[in-house]
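K.L.:
heads up, no residue letters with this:
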């Protein structure tokens, strides 16, 4: 079935979106949530396991204090209240990647509640309310072999790897976010970006969406103005910041087309497809699974000492929003300029480039100019463009040393992005260095003067501005590999005129 | 030398330490006894002959090397099959774990090994510790050495019968609703349920996490106390383990054995001495109360009205937790797998495995528990039962403001004939009527032989406040000093 989707502008003119986000963050603790197994990514299947994370009969969980500290710090950074007493709960369901056939999670007593995160979208600050932040254990990974779809149905064999089972997982749930209108996709992306930056600043997770250490489920619904919120769908498999934005947008368009046709939205889980940017239906939630939650009897309640929580709060690092304000001042940027740096995802890149010795203006020029343009054209995140802050700093160093002019520098940068090596290597290999051999330049200047006697006379008679034509001629013969300023000085000098 | 199998653990340890016998000799004597009588008693599911002899040899070598041995070194111990034993079959009395050899030792088993005790093997039990007669074992019932046509109690009937049949001087049990104390009572042996959290549950295959408590079984109170001392104490692998030292139960047992209870106030639970118990049981209990009074104890009656609701609350909490704890037995990673013919779906294989692997009582409790935790029923059942639990705890707390310990018969009847109650689960559940409140409260309880009724043993239960396990040992040892121990007829 193909339906023509309505235009986005029309959709937001007619409907009001409500979004909500559930984010899972794998903590970077040394050991798993309830046992001493290591948590590093990778490893031969089923080698990072023990009786506890395999759920062997008789084994018992013991909560990892580092994980509890990490979630409390996340909660504090998100302005949450920290429960003085709370419990883990069992979420019961059968699935082979769940060693115990229940997941130790939290239910009605989460450790962090009622917080918020302010994000900036289009120059405005949007406050995203956080309902809860809770701690749970990750599941194993199932690989279905032999089927066409990689799903369990039709598979001839199912393999399970429990290395991931028991890795501490933090779930951060927002309250529904109404009132963002056309900006809903941008708000969703800005929230996940800000959340990622906050957590990275805390140093409790590497928050890599592509490795699954940050996973996001996006809830979307549409309603007519003045009416109740619509039925929501939950979109999973959203694996990049760009996908967060696209997933909301795509769901808004799809739901609008269903509603326009007089249809009804089904409450369901949908899967986002990176390649097409579409969502397809997954499990229907109409017959809700009964997880039979009850307090985990194998674990004592968590009762963090308020004095300890106060210490953790006092020791929080400078959070991204505050940090950015400080950078904006240091870099001397207007609000609007800073906003464009943020929108481009260039804050950390610029910061690192400046730390490597480049001026703020130069760093901003490269990241927001040439590199952002390429990122947009190729549809990749700026951070994944292929140029690193140290390479950009090296490039600018070559410019400052007079070895590259602006035009040559752009060519070198293209080589960097294409993975040809460091700026210095590319400059040398491609022979892009500014011609600084005065003998060759003098010859080129003399040649230009000889070829343009009329212009030369004009200059001699004092019309210094005419020198540009001769400079252009020299640049042409050197194929741009000369420093225009130097050439101009040489032309004037050969003609005996003061510049 | 007199029969090693008739000796107490204290006596055996002294002989081994003094070099008058070897741990290997002691072990051989018990293995021989098992070989001679266990076909009739069926206390053991697995006898680890090689492991036991190796452990005994190690003790003898340590002694020969002049190393100092612990108080129970060289003493054989039988371990209920609910505890994980590295490399040694662990079935929990269920077909679903047939053939499973755990890759690790339970903390208690590890402590037993470190103490130089000799594990003889694994004892029979009701499947997943659910039962009061050991008739629900998937591997056949255990018989009471006092009368082979009668039940040895349950779920730890195997451990209790092994003691009464002189197959072992010490045994480990686990008590969720009375599974140590009730078998102790009906076999004329001593069974102690420590304070919840006083003994580690790590490696104890869970039935009901908030109630399960492993503990010592022996033929004398002092032996039980020594075993308690060895297995007890904080375990960082068990989050619910209490980070405090074990109360000095050995000293308390020795103090009690002097026969002086002057200044000790004991409360008879009035709700447990009414019509609930058999006349013969009540008669033995009354005589024991008189004996305790003669030792100087002050006896009062204490009413604990909420104890009447303990049984129904227990039969919601324990099945609820079991429905979740037993979910992991699905045929995927260990134990039985049924129907995996390459065509059936995962759900079908899980289903067939559980259908074939679990017995009827286990299934009954999984179903009750699944229902009690269901959305919409949780508050009315599990939630309500937890409230009752709080009330029962309050009754205990209030009682312990008035008395040092509570006493009652351990179980309403003597050992009943095999088959008498298997058709009626409720009658079976009543066997734990007097023991269950302690589990819901979390405090310690001990059953000590107090007399005979129609030739069958009767047990008296002493209940103490949490982490006051020493108190119950003192009272139990004092009673033992007054009434003596009871020897079953020869097998």
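P.N.:
Ah, there it is. As the structure is a computational prediction, the values presented were derived from the model and not from experiment. Numbering: from 1, shown residues only, chains lettered A, B, ... in the order given.

K.L.:
How many neighbouring residues does the residue of the stretch 51-200 of chain B at minimum distance from chain A have?
P.N.:
Of all residues in the stretch 51-200 of chain B, residue B:84 sits closest to chain A, at 4.2 Å by Cβ to the nearest Cβ. No exception for glycine: its C-beta is placed from N, CA and C like everyone else's. Residues lying near residue B:84 (other Cβ atoms under 10 Å in any protein chain shown) number 29.

K.L.:
got the contact list for it?
P.N.:
Contacts for residue B:84 (Cβ atoms under 8 Å, 6 or more residues apart in numbering or on different chains) come out as A:51, A:56-58, B:90, B:102, B:104-106, B:109, B:203-205.

K.L.:
Save these as TSV, and put in neighbour count too.
P.N.:
Putting the contacts of residue B:84 into TSV (neighbours: other Cβ atoms under 10 Å in any protein chain shown) gives the following:
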residue	neighbour count
A:51	20
A:56	22
A:57	26
A:58	24
B:90	26
B:102	24
B:104	19
B:105	21
B:106	29
B:109	28
B:203	29
B:204	30
B:205	31
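
K.L.:
What is the nearest of those residues to residue B:219?
P.N.:
Of all these, residue B:219 sits closest to residue B:109, with 21.3 Å by Cβ to Cβ.

K.L.:
do the helix or strand hosting the closest one and chain A meet?
P.N.:
Applying DSSP states H and E as the criterion places residue B:109 in helix B:107-114. No: figure legend: helix B:107-114 not in contact with chain A (Cβ under 8 Å from any Cβ of the partner chain); closest approach 9.4 Å.

K.L.:
just checking, what packs against that helix?
P.N.:
strand B:76-80, strand B:118-123, helix B:221-231 (3 or more Cβ pairs under 8 Å, 6 or more residues apart in numbering or on different chains; DSSP states H and E).

K.L.:
Note down every partner strand of the second one and its orientation.
P.N.:
Read it as strand B:118-123. Sheet pairing here is set by DSSP bridges, and for strand B:118-123 it gives strand B:44-47 (antiparallel), strand B:76-80 (parallel).

K.L.:
can you list contacts of the shortest one?
P.N.:
Read that as strand B:44-47. Residues from elsewhere that reach strand B:44-47 (Cβ under 8 Å, 6+ apart): B:31, B:34, B:38, B:78, B:81, B:88-89, B:91, B:93, B:120-124, B:137, B:139, B:158, B:162, B:167.

K.L.:
Mind doing that once more with 7 Å?
P.N.:
Strand B:44-47 is contacted from outside by B:34, B:38, B:81, B:88-89, B:91, B:120-124, B:139, B:158, B:162, using Cβ atoms under 7 Å, 6 or more residues apart in numbering or on different chains.

K.L.:
swap in the last one?
P.N.:
With Cβ under 7 Å, 6+ apart as the contact definition, strand B:76-80 has outside contacts at B:26-27, B:30, B:52, B:85, B:109, B:112, B:117-123, B:125, B:156, B:158-159, B:162, B:167-174.

K.L.:
what separates it from the chain centre, distance-wise?
P.N.:
Chain-centre distance of strand B:76-80: 12 Å, with Cα atoms, centre = their mean, to the nearest Å.

K.L.:
hang on, the earlier thing: out of the helices and strands packed on helix B:107-114, nearest to residue B:267?
P.N.:
Among the helices and strands packed on helix B:107-114, helix B:221-231 sits nearest to residue B:267 (Cβ to Cβ), with 20.1 Å.

K.L.:
ok, then the element right after that closest one?
P.N.:
Counting by DSSP H and E, what follows helix B:221-231 is helix B:249-257.

K.L.:
Following element in sequence after that next one, please.
P.N.:
Going down the chain from helix B:249-257, the next helix or strand is strand B:265-269, by DSSP H and E.

K.L.:
Could I get the buried residue list for the next helix or strand after that next one?
P.N.:
With elements assigned by DSSP H and E, the helix or strand that comes after strand B:265-269 is helix B:279-294. Neighbour counts over helix B:279-294 (16 or more other Cβ atoms under 10 Å in any protein chain shown) mark B:280-282, B:284-285, B:287-289, B:291-292 as buried.

K.L.:
Taking those residues, tell me the two that lie furthest apart.
P.N.:
Maximum distance among the buried residues of helix B:279-294 (Cβ to Cβ): 19.1 Å, for B:280 and B:292.

K.L.:
Residues of chain A that sit close to chain B?
P.N.:
A:51, A:54-58, A:60-63, A:90, A:92, A:94, A:96, A:99-102, A:152, A:158, A:290, A:292, A:294, A:297-300 (Cβ under 7 Å from any Cβ of the partner chain).

K.L.:
Counting neighbours, which of these end up buried?
P.N.:
Buried, going by 16+ other Cβ under 10 Å: A:51, A:54-58, A:60-63, A:90, A:92, A:94, A:96, A:99-102, A:158, A:292, A:294, A:297-300, out of the residues of chain A next to chain B.

K.L.:
Select from the residues you listed every entry located in strands.
P.N.:
The strands in this structure, assigned by DSSP state E, contain A:90, A:92, A:102, A:158, A:294 from those.

K.L.:
Need those residues in TSV (columns: pLDDT).
P.N.:
Conversion of those to TSV gives the following (pLDDT from 0 to 100):
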residue	pLDDT
A:90	97
A:92	97
A:102	97
A:158	80
A:294	96
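
K.L.:
In chain A, mark out all the strands, start to finish.
P.N.:
Applying DSSP E to chain A gives strands spanning A:16-26, A:81-82, A:89-92, A:102-105, A:112-121, A:124-137, A:141-145, A:157-161, A:168-174, A:214-223, A:233-238, A:268-272, A:279-284, A:294-295.

K.L.:
Tell me the gap between the third one and the middle of its chain.
P.N.:
Using Cα atoms, centre = their mean, we find the averaged C-alpha position of strand A:89-92 to lie 32 Å away from the chain's own average C-alpha position.

K.L.:
Give me the nearest residue to residue B:374, chain neighbours excluded.
P.N.:
The spatially closest residue to residue B:374, leaving aside those adjacent along the chain, is residue A:290, at 5.7 Å (Cβ to Cβ, 6 or more residues apart in numbering or on different chains).

K.L.:
how close does the one you found get to residue B:324?
P.N.:
If you measure residue A:290 against residue B:324 using Cβ to Cβ, to the nearest Å, the figure is 13 Å.

K.L.:
for residue B:72, same thing?
P.N.:
For residue B:72 relative to residue B:324 (Cβ to Cβ), the value is 36 Å.

K.L.:
Same check on residue B:462?
P.N.:
Noted for residue B:462: a distance of 33 Å to residue B:324, by Cβ to Cβ.

K.L.:
One more: residue A:58?
P.N.:
Going from residue A:58 to residue B:324 by Cβ to Cβ gives 15 Å.

K.L.:
Contacts only, for the residue of the stretch 351-491 of chain B found nearest chain A.
P.N.:
With Cβ to the nearest Cβ, the shortest gap between the stretch 351-491 of chain B and chain A falls at residue B:373, namely 4.0 Å. By Cβ under 7 Å, 6+ apart, residue B:373 lies in contact with A:292, A:294, B:320, B:323, B:382.

K.L.:
Quick check: nearest residue in space to the third one, chain neighbours excluded?
P.N.:
The spatially closest residue to residue B:320, leaving aside those adjacent along the chain, is residue B:369, at 4.2 Å (Cβ to Cβ, 6+ apart).

K.L.:
Can you classify that neighbour as helix, strand or coil?
P.N.:
Going by DSSP: H, G, I helix; E, B strand; the rest coil, the secondary structure assigned to residue B:369 is helix.

K.L.:
ok, how many other residues are close to it?
P.N.:
Residues lying near residue B:369 (other Cβ under 10 Å) number 27.

K.L.:
Then the one 10 residues further on?
P.N.:
Other residues near residue B:379 come to 11 when the count uses other Cβ under 10 Å.

K.L.:
Residue B:255 too?
P.N.:
By other Cβ under 10 Å, 17 other residues sit near residue B:255.

K.L.:
which residues does the residue lying closest to it once chain neighbours are set aside contact?
P.N.:
Distance criterion Cβ to Cβ, 6+ apart; nearest residue to residue B:255, sequence neighbours excluded, is residue B:474 at 5.4 Å. Neighbouring residues of residue B:474 by Cβ under 7 Å, 6+ apart: B:252-253, B:255-256.
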